[in-house]
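**Q** Whatever this is, show me its structure:
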Amino acid sequence: MAEYKEIHGTKIRNYTTNPDNPITGEVWYNETDNVLKFQYPTTTTAGSWRTGVSLNTARSEAKVSGSTTSALAAGGNTATATYSGVTELWDGSTWTEVNDLNTGRKGGAQSGTASPASLYAGGGNTPGSPYYTADTETWNGTNWTEVNNLNQSRGLLGQTGQAPTSASLVFGGDEPSPSRSDLTESWNGTNWTEVNDLNDSRYGLGGAGNTNTAALAFGGNNPGGRTTNTELWNGTNWSEVNNLNTARQTLAGSGTSTAALACAGNTPPGTGKTELWNGTNWAEQNDLSVARWALGACGTSAASFAVGGETPTRSASVEEWVGAGQPVGAWATGSSLNTARNLLAASGTQTSSIAAGGAVPPNSPSIAAEQYNGTNWTEVNDLNTGRYGLKGAGADATSAVVFGGFTSPPDTTYNNTETWNGSSWTEVNNLNTARFHLASAGATNTAALAIGGYTVPPVTAVTESWNGTNWTEVNDLNTARRLLAGNGTTTSALAYGGWPPYMNVTESWNGTNWTEVNDLNTARYGLASAGVDNTSALTYGGDTGPAVTGKTEEWNGVSWVEVADLATARFDFVGSGTTTAALAIGGKDPSNTGATEEWSGSSTTTKTISTD
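**A** Model (predicted):
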């Protein structure tokens, strides 16, 4: 047997407590606790759904194939067409309408490993009788082409959604007579061939599989009604295996015969229930955000899309499943500011930031500036004009710009702009619109955005761009607000949250215009932020109305998802850094605080090894 040193290259070392930066998997002896310990990355223990980019056309009974980065949605029941051929292509960021199916229909079967190669078969395409079609079409990345038909016309059937277009399987469904089908057909790239039937005839079932020789069929409506029945296909026969936990029909499935995901369906009513198959059993997981039925799904058990459906109205909603095992971020306590304050400005990185201005008790403007080196805050030369409610941008602790602000009494709103060169502040050309409680974005002290705020009165949507010399008005926010947060650059930014009242509105800036995108999960104002552009952001804290919160949300370019909370809930504070390494600085909790917290996009867990 290999010894520890042979595996890791070192002997087990003794430490008074724990090492500062242990290597993952390293074992050490803690002399204080008299135990062996080791450390490993902390990851999520369960998967979850997050909001995705919606389809252009709301619909039910659409089908989708591919993955969460490249997918194709086709057909369905839309507001204008009961039997639609509308097809949309997902490129990882946007759904785009492309050429339609030749035969408009709903409730067919679709499979394919990537969006440029998909197979669509069956479905309902006419009112009355015959209701269902056997038509089969293949997608080549540009057009649908009719190929050889199914042997039996039917709809609401199951399929091996991850199978290639040369080796797919469809099973069950609704036939003209009898209503529920047990028929299974295998596709070899040219023809459909009838193979051995399901044990349980049913329609509206879910399916999973990546070949025509291994598949899983689950749920649906059999002669007894909605069912939990699950069957496994081995390339020759179907065999009954352990059932779903929740009986339902018109559900969706993704994954393979050994690792599958079942989601949504009609129980009744519509449900968001999600179950994970591990090859032996189904286990309940976190529900979809939007309960629905008659939807489409594609992907794997670790990364899937749920697309469209009935809610009971036709839906364009898309949700993305992210399986367990994702890194878990965490906040850790850092050194406090020397001067506790709120409504201050800050910019830079987690290891090199500058904070300036703000309000100190009872409500006085501060001129103090401090630099953070990743360990401690150090006082540096003061601002020329003390004020609070200002904002800033910059690369690090040696290069920054701050702008706007307010003092009272008497009530004075500022358009002052000051730049920092690492040793002193210099007054430069002012904002065009004096304001405070604004948001900012910018990676340097020569390129920044001033976003929204308050002009006494009212709240404003005005956005200005700084080029290192002058401010220029550019296109406004869609929603005027104050006490919002922002991040990014002058060409790629986000703005979110704010007041009045408590807002969750998020807007994305592309260098020319603001576009509304998916909202925060928690509406709030006085929140802080970090992030490099409009595809990557972290926001945390704020006032929700009922309470001050420590909630943290992460943006992936499509939607927000809740992650680990701040240790100290607070508002009217500021952040800096990125989604993997951020700072939370100062604020109110509810009194003024100088508390600093450091965010790490990944965290570790230390375990004790039992020697009993």
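**Q** Which parts of the helix or strand residue 472 falls within count as buried, going by neighbours?
**A** Using DSSP states H and E, residue 472 sits in strand 471-474. Going by neighbour count (16 or more other C-beta atoms under 10 Å), the buried part of strand 471-474 is 471, 474. For every residue, glycine as well, the C-beta is placed using N, CA and C.
**Q** Partner strands of that strand, with direction?
**A** Using DSSP bridges, strand 471-474 pairs in its sheet with strand 459-466 (antiparallel).
**Q** CA atoms only for the strand it pairs with, dumped as PDB, please.
**A** Extracted C-alpha coordinates of strand 459-466, given in PDB (Å, rounded to 0.1, in the frame of the first residue of the first chain):
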ATOM      1  CA  VAL A 459     -35.100  60.800  -9.500                       C
ATOM      2  CA  THR A 460     -33.400  60.700 -12.800                       C
ATOM      3  CA  ALA A 461     -32.600  58.200 -15.600                       C
ATOM      4  CA  VAL A 462     -29.700  60.400 -17.000                       C
ATOM      5  CA  THR A 463     -26.600  58.500 -17.900                       C
ATOM      6  CA  GLU A 464     -23.300  60.200 -18.500                       C
ATOM      7  CA  SER A 465     -20.000  58.800 -19.900                       C
ATOM      8  CA  TRP A 466     -16.600  60.000 -18.800                       C
END
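**Q** can you pull out the strands in the stretch 101-250 of the chain?
**A** For the stretch 101-250 of the chain, the strands defined by DSSP state E, counting those that start in this stretch occupy 109-114, 117-121, 136-139, 144-147, 158-159, 168-171, 184-187, 192-195, 206-208, 215-218, 221-222, 225-226, 230-233, 238-241.
**Q** per-residue confidence at residue 519?
**A** pLDDT recorded at residue 519 is 95.
**Q** Also residue 26?
**A** 78.
**Q** on that earlier part again, mind checking how far the strand holding residue 472 is from the chain centre?
**A** 32 Å (C-alpha atoms, centre = their mean, to the nearest Å).
**Q** let's number from 11 now, not from 1
**A** With the count now opening at 11, the last piece we talked about shows up as strand 481-484.
**Q** Contacts for it next, please.
**A** The contact list for strand 481-484 (C-beta atoms under 8 Å, 6 or more residues apart in numbering) reads 413, 427, 439-443, 460, 472-475, 522.
**Q** I'd like the next helix or strand past it.
**A** Using DSSP H and E, the helix or strand that follows strand 481-484 towards the C-terminus is strand 495-498.
**Q** Contacts for that following strand, please.
**A** Counting contacts by C-beta under 8 Å, 6+ apart, the residues outside strand 495-498 that touch it are 449-451, 459, 461, 503-508, 519, 537-544, 547-549, 585.
**Q** try 7 Å
**A** 449-451, 461, 503-507, 519, 537-544, 547, 549 (C-beta atoms under 7 Å, 6 or more residues apart in numbering).
**Q** Repeat that for stretch 96-113.
**A** By C-beta under 7 Å, 6+ apart, stretch 96-113 touches 63, 65-67, 79-85, 88, 95, 125, 130, 135, 143, 145, 147, 152-154, 156, 567.
**Q** ok, 8 Å please
**A** So stretch 96-113 is in contact with 63-67, 69, 76, 79-86, 88, 94-95, 125, 130, 135, 143, 145, 147, 149, 152-156, 315, 328, 567-568, going by C-beta under 8 Å, 6+ apart.
**Q** filter the residues you listed to the buried ones?
**A** Neighbour counting with 16+ other C-beta under 10 Å marks 63-65, 67, 69, 76, 80-86, 88, 94-95, 125, 130, 135, 143, 145, 147, 149, 154, 315, 328, 567-568 as buried within the contacts of stretch 96-113.
**Q** residue contacts, residue 592?
**A** 360, 540, 548, 550, 585-586, 608-609.
**Q** Just the pLDDT at residue 40, thanks.
**A** With respect to pLDDT, residue 40 has a value of 85.
**Q** Wait, it touches residue 48, no?
**A** No. With contacts counted by C-beta atoms under 8 Å, residue 40 stays clear of residue 48, the gap being 10.6 Å.
**Q** Remind me which helix or strand residue 511 belongs to.
**A** Counting by DSSP H and E, no helix or strand carries residue 511.
**Q** quick one, what contacts it?
**A** Here residue 511 is in contact with residue 555 (C-beta under 8 Å, 6+ apart).
**Q** Where does the prediction get shaky in this structure?
**A** Across the chain, the ranges flagged by pLDDT under 70 are 11-20, 125, 139, 621-622.
**Q** domain assignment for it?
**A** For the chain, the structural domains run 14-51, 58-332, 351-610, going by automatic domain parsing.
**Q** Minimum distance to residue 620: which of those has it?
**A** Closest to residue 620 of these is domain 14-51 (C-beta to C-beta; 8.5 Å).
**Q** Would you mark the buried spots in the closest one?
**A** Those buried within domain 14-51 under the rule 16+ other C-beta under 10 Å are 32, 36-38, 40, 47-49.
**Q** From the opening residue of stretch 196-209 to its closing one, how far?
**A** 17 Å (C-alpha to C-alpha, to the nearest Å).
**Q** now residue 195, nearest residue through space, not along the chain?
**A** Nearest non-adjacent residue to residue 195, counting by C-beta to C-beta, 6 or more residues apart in numbering: residue 202, 4.5 Å away.
**Q** Let me see the contact set for residue 51.
**A** By C-beta under 8 Å, 6+ apart, the residues touching residue 51 are 34, 337, 612-615.
**Q** Mind checking which of those residues are in strands?
**A** Among the contacts of residue 51, DSSP state E puts 614-615 in strands.
**Q** Look up which residues are beta-bridged to the nearest residue to residue 536 once chain neighbours are set aside.
**A** Leaving aside its sequence neighbours, residue 536 sits nearest to residue 581 (C-beta to C-beta, 6+ apart; 3.5 Å). In this entry, residue 581 is beta-bridged to residue 598, by DSSP bridges.
**Q** can you pull the contacts of residue 581?
**A** So residue 581 contacts 534-537, 551-553, 558-559, 597-598 (C-beta under 8 Å, 6+ apart).
**Q** any idea how far it is from residue 394?
**A** Using C-beta to C-beta, to the nearest Å, residue 581 is found at 27 Å from residue 394.
**Q** Tell me which of the domains of the chain lies nearest to residue 345.
**A** Residue 345 lies closest, by C-beta to C-beta, to one member of the domains of the chain: domain 351-610, at 4.8 Å.
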